[in-house]
Every structure is written in C-alpha cells, then in structure tokens.
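>>> Sequence first, then the predicted structure:
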Amino acid sequence: MSMGVLVVDLHIGKDPTETIKIVNILKRYDESSMIRLFSHEFSYENLTPYQGIVLSGLDKSRLLYSGKMEILKGYLKKLADKGTYVLGICGGHQVLATAYGYDVKRIGKQFGWSYVELTDLGKTNPLFRDLESPIRPFQYHDKAVIGIEESKILARDNRCIQAVLYKDNVYGIQFHPEESPESGLEFLKKSGVHISDLQIPEKYDEWKIFRNFADMSYRRNEI
C-alpha cells in the first residue's frame, strides 16, 4: 500500500530543524514523515512505499557526490521511473540535477529574499498552482544548477535558475519554500548574517508548493 510523502533529510549535522519545517507543512495535507540519510537507521528500501519524496537542503557541499548520495540518486531515478513524485529543495535540487546529468557551480552567497519570475512553463505547472509571478521566496545558498534546457526551466531570478522540471514527476527548486518571513529572519540571525538592509516580504505564499506537491503525489495514479 502506498504511503504519503517522505522527507529525506540530507544534513550530516545533528540539527534537522529546517527539515522538520518541511514535514510540519506537509502534515497539513497528507501523511508525512522524515528519515535521515546519514543515520544508522537509514535504508534505501524505506523509500519505496511512498507516493512522494522531498529532499532537504545540504549543510556540506562535499556530500553532493558522496558514495551514499550517489546510491540515493540511483534509487530516486528508479522510483521516479515507476511514478513516484520527487521534489528537491536547494541542495536537494542540486542532488537531482547531478543525478540527471547537469552541473552545479558556485555563484557567491545569495541570502534573504529575491524576486523570482515564473516562466510560461512554471505559470501553468501544478507545482505553482495559486502562486502569482513574481514570487519572493527565501534564499540561502552559494551554488546553483547550470546547463538546464530552457524547456525544463520553471522559474529564475537575476542570479540563477530557481526551479526545474527534470521529468514529469521530478522537480527541483533552489529557494526555500519552507521558510516564512519570520522563520527566515530568525534563520539569518542564527547564521550571523547582517540583515539591516534586507527587505522582508509582507506575505508568505510559498508554502503552497508543498500543498501542491502533496496533491500531485496523492493523485499520481490519476494523472
């Protein structure tokens, strides 16, 4: 029997706080649980029963090509070929990019909020249902995916590609839709980022991405 959405935490550190935010949003719309890749309890076979899989960000860039991550990439591609929906967030997006043969490059630090424009493909894709372009999601990264064909790009800003449709049921987004203006501001403060010049959005709609992903995953056999 297929289960709900599994969030795979890709951080090697002890604090999964950012990943728990994703789980808590998804729990509003479907069954959701979390498993940590770099833990003794992790098993690749545990991914199989789920309708959807969300990959968190990374806290160490070297993990992108680690042995355990390379095995994960292979499992995810096989599951996606069988119909499982997959969504990568920030570093998880970069994991999917390298799984599908694309490259990641350093672009310098991008943190805070930026205006992200949806492409024509993005405006009609169900992942962005009920979101109006441009959106202003939270950013925290220094690398980005490159070399993506225009026909696969869902969103971009003036720094990098921000969302990609790798295949019909595999998505990657560079920004952090789990972060509200309040939680994003708290995250920056904890990270020691100077925030006096940042313009903080007045509204937070990016959580809808997780709702939309849960809906698509739940209805995968109907689409």
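Sure, I can see it.
>>> Tell me who's in contact with Tyr85.
By C-beta atoms under 8 Å, 6 or more residues apart in numbering, the contact list for Tyr85 reads 51-53, 169-171, 213, 216-217, 220. The way it works is simple: take the backbone N, C-alpha and C, and place the C-beta from them, glycine included.
>>> whoops, Ala144 was the one
By C-beta under 8 Å, 6+ apart, the residues touching Ala144 are 94, 104-105, 107, 159-161, 174.
>>> how far away is Val116 from Leu165?
Distance, Val116 to Leu165, by C-beta to C-beta, to the nearest Å: 15 Å.
>>> How about Asn212?
Relative to Leu165, and taking C-beta to C-beta, Asn212 is found at 13 Å.
>>> which residues of the chain fall in helices?
17-26, 67-81, 91-99, 120-124, 181-190, 208-218 (DSSP state H).
>>> Of the ones you listed, flag the one that's most buried.
Comparing the helices of the chain by mean neighbour count (mean count of other C-beta atoms under 10 Å), helix 91-99 ranks first with a mean of 24.
>>> mind exporting that one as PDB, just the C-alpha atoms?
Output in PDB follows, covering the C-alpha atoms of helix 91-99 (Å, rounded to 0.1, in the frame of the first residue of the first chain):
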ATOM      1  CA  GLY A  91      20.900  21.200  -2.000                       C
ATOM      2  CA  GLY A  92      18.300  18.500  -2.800                       C
ATOM      3  CA  HIS A  93      17.600  20.300  -6.100                       C
ATOM      4  CA  GLN A  94      21.300  20.100  -6.800                       C
ATOM      5  CA  VAL A  95      21.300  16.400  -6.000                       C
ATOM      6  CA  LEU A  96      18.600  15.800  -8.600                       C
ATOM      7  CA  ALA A  97      20.500  18.000 -11.100                       C
ATOM      8  CA  THR A  98      23.600  15.900 -10.800                       C
ATOM      9  CA  ALA A  99      21.500  12.700 -10.900                       C
END
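>>> Rounded mean pLDDT for it, please.
What helix 91-99 shows for mean pLDDT is 97.
>>> So which other helices or strands are in contact with that helix?
Helix 91-99 sits against strand 50-55, helix 67-81, strand 85-89, strand 103-113, strand 138-146, strand 161-167, strand 170-173, with contacts defined as 3 or more C-beta pairs under 8 Å, 6 or more residues apart in numbering; DSSP states H and E.
>>> rerun at 10 Å
Contacts defined by 3 or more C-beta pairs under 10 Å, 6 or more residues apart in numbering; DSSP states H and E place helix 91-99 against strand 3-9, strand 50-55, helix 67-81, strand 85-89, strand 103-113, strand 138-146, strand 161-167, strand 170-173.
>>> Need the residue closest to the centroid of the chain.
Centroid-nearest residue in the chain: Ile89, 1.6 Å away (criterion: C-alpha atoms, centre = their mean).
>>> My understanding was that that one contacts Ile53; is that so?
No. The criterion here is C-beta atoms under 10 Å, and Ile89 misses it with Ile53 at 11.4 Å.
>>> which residues do these two both contact?
Val7 (C-beta atoms under 10 Å, 6 or more residues apart in numbering).
>>> Only alpha carbons, please: show the helix or strand bottoming out on mean pLDDT in the chain as PDB.
Least confident element among the helices and strands of the chain, by mean pLDDT, DSSP states H and E: helix 181-190 (a mean of 90). Taking C-alpha atoms only, helix 181-190 is exported to PDB below (Å, rounded to 0.1, in the frame of the first residue of the first chain):
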ATOM      1  CA  PRO A 181       9.400  35.800   6.600                       C
ATOM      2  CA  GLU A 182       9.600  35.300  10.300                       C
ATOM      3  CA  SER A 183      11.400  32.000  10.300                       C
ATOM      4  CA  GLY A 184      13.700  33.100   7.500                       C
ATOM      5  CA  LEU A 185      14.700  36.200   9.500                       C
ATOM      6  CA  GLU A 186      15.300  34.000  12.600                       C
ATOM      7  CA  PHE A 187      17.500  31.700  10.500                       C
ATOM      8  CA  LEU A 188      19.600  34.600   9.200                       C
ATOM      9  CA  LYS A 189      20.100  35.900  12.700                       C
ATOM     10  CA  LYS A 190      21.200  32.500  13.900                       C
END
